[in-house]
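Enquirer: the following block contains a protein sequence and its predicted model.
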2 protein chains.
Amino acid sequence: MTLPDPGEQARRFIKVREAHRSEVQQDYVELIADLVAARGVARVVDLAERFGVTTATVANTLARLKRDGLVEDRPYRSLCLTAAGTAMAEASRARHDIVVAFLLRLGVSRAVAELDAEGLEHHLSAETLAAMEGFAG
Amino acid sequence: MTLPDPGEQARRFIKVREAHRSEVQQDYVELIADLVAARGVARVVDLAERFGVTTATVANTLARLKRDGLVEDRPYRSLCLTAAGTAMAEASRARHDIVVAFLLRLGVSRAVAELDAEGLEHHLSAETLAAMEGFAG
DNA sequence: AAGCAAAGTTAGCCTTGGCTAAACCCTGAA
DNA sequence: TTCAGGGTTTAGCCAAGGCTAACTTTGCTT
């Protein structure tokens, strides 16, 4: 039983923790973009329902997204992404689609593919994502 | 652009949040088991070095693991897993190995496989894991 | 145009998981 | 045997991301 180099191992865990920090942001901008695309508006209640949290939690999270320049600050108005938020949403969606296509190609059912993609997509390096894209077709 | 069913989508995100809660636990018991296997003892300083955090953070996290019955409570002694902790460590390691083997088979470099596995392994359903195992050989 | 219900926000609380600084144990060398 | 230094724990701080309860704003309906 040989152990990895300590510094190398630490870098891996630090990377995972960094990914966690942007996960929520990516999920939010992606869902806001999808809602806007599908029905023209994204409301706080919709996000709360689709994330499975309360509207208070959504408001709390949106405050951070506004602070970070991803969402427009327009109280009591429909949600709206900034240019940076839109860019992040597009990147997230592209990656999400690759992961789902890959899992389907691997033989996983649609329901499970959509489920696992949600957790997986934030932890893929460019190299792995490229390999998945190639495999998916 | 059609949106998923709200309840279905919520269940996905709830699942991801649940996975997050046990991630740290799994990483800790897995590393403790590896250290014990490789050198007989697992010390707080080793965990801190390999996770890339301070020893204070490790002590804090270990208090939760002890509370949850995964680690023996023996202050100032080498860390030691309970039966439950050992079982979790074995399951984590098996899953980790499958993911790494799968990524290597997919054509990803060893370094990136080890890196991505660390983030990926906590977000795989049984179905996807089985598919990966089959693909890996 | 008024009033009410639904949507949104705010205040205050909790846990997790980071940190620093300081106190505390333990052990090996003098 | 003692005591200095390294390993461990404790105390106290912070941000993220959950919650409930109470409040405000909006906008639909009458």
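Expert: Nice, I can see it. Numbers count the residues shown, from 1 in each chain, chains lettered A, B, ... in the order given.
Enquirer: output the longest helix belonging to chain A.
Expert: Criterion DSSP state H: the longest helix present in chain A is helix A:6-39.
Enquirer: now the element after it, going C-ward?
Expert: Downstream of helix A:6-39, the next assigned helix or strand under DSSP states H and E is helix A:44-51.
Enquirer: buried ones in that following helix?
Expert: Residues of helix A:44-51 classed as buried: A:V44, A:D46, A:L47, A:A48, A:E49, A:R50, A:F51 (neighbour count, 16 or more other C-beta atoms under 10 Å in any protein chain shown). Every C-beta, even on glycine, is put in place using the N, C-alpha and C of the backbone.
Enquirer: where are the low-confidence patches of chain A?
Expert: The model of chain A has pLDDT under 70 over residues A:1.
Enquirer: can you list the residues of it near DNA strand D?
Expert: Taking C-beta under 7 Å from any atom of the strand as the contact definition, chain A meets DNA strand D at A:20-21, A:23-25, A:51-54, A:56-57, A:60-61, A:64, A:76.
Enquirer: pull out the buried residues from the longest helix of chain A.
Expert: A:9-10, A:12-13, A:15-16, A:19, A:23-36.
Enquirer: and if you look at stretch A:84-99?
Expert: Those would be A:G85, A:T86, A:M88, A:A89, A:S92, A:R93, A:R95, A:H96, A:I98, A:V99, for stretch A:84-99 by 16+ other C-beta under 10 Å.
Enquirer: show residues contacting it.
Expert: Contacts of stretch A:84-99 with the rest of the structure, by C-beta atoms under 8 Å, 6 or more residues apart in numbering or on different chains, involve A:25-27, A:29-30, A:32-34, A:65, A:69-71, A:81, A:117, A:120-121, A:124, A:129, A:132-133, A:136.
Enquirer: appreciated, that's everything.
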